[in-house]
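In: With the sequence up front, the predicted model follows.
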Amino acid sequence: MYNWTPIQKEDIRWILCDFDDTIAKNTGYPDFIPTTPIDGALQSLKKLDDMGYKIVIFTARPWVDYQNIENWCLEYGFPVRRIICGKPFGKCIVDDKNVAFNGDWKKALVDILYLE
């Protein structure tokens, strides 16, 4: 029988981060073309990366946008380990590990580190 070893909370090193209006500003409807980084996003995600966290972009954008997202992240120097496109659509996502982003990366960084 397989010996299941639970992962301890302090050992979870993946940070899932939305793309649009969380790390990237965009042109809005109808094209939503990414423009520049949200203030503080690059510095905060680099700090988390330096601390050993693995940054994953988890976006509602379709998989056809994967290469464009990856290229945008590379252009601005975002330390992204993985990109997951097509998160489920709904009014909201309810999760026990959620950090709400309200446009302030200083607060988001504190909230993320508080989860430790």
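Out: Received it, and whenever you're ready, just let me know what you need. Numbers count the residues shown, from 1 in each chain.
In: and residue 17, what is it in contact with?
Out: 23, 45, 55-58 (CB atoms under 8 Å, 6 or more residues apart in numbering). (Glycine included, C-beta is placed from N, CA and C.)
In: Then residue 13?
Out: Applying CB under 8 Å, 6+ apart, the residues contacting residue 13 are 52-54.
In: again, but for residue 69
Out: Listed by CB under 8 Å, 6+ apart, the contact partners of residue 69 are 19, 34, 57, 59, 61, 83, 85.
In: Just read off the phi/psi values of the residue nearest the centre of the chain.
Out: Central residue of the chain (CA atoms, centre = their mean): residue 17, 1.3 Å from the mean position. Dihedral pair for residue 17: phi -130, psi 130, per degrees, to the nearest 10.
In: Restricted to strands, list the contacts of residue 13.
Out: Mapping the contacts of residue 13 onto strands (DSSP state E) picks out residue 54.
In: most neighbours, which of the contacts of residue 13?
Out: residue 53 (18 neighbours; other CB atoms under 10 Å).
In: Low-confidence regions, the protein specifically.
Out: Along the chain, segments meeting pLDDT under 70 span 116.
In: any chance you could map the helices in it?
Out: Assigned by DSSP state H, the helices in the chain fall at 41-50, 66-76, 105-114.
In: on that earlier part again, hey, what's the residue nearest to the centre of the chain bridged with?
Out: Applying DSSP bridges to residue 17 yields these beta-bridge partners: residue 57.
In: Look up how far residue 84 lies from it.
Out: According to CB to CB, to the nearest Å, residue 17 and residue 84 sit 11 Å apart.
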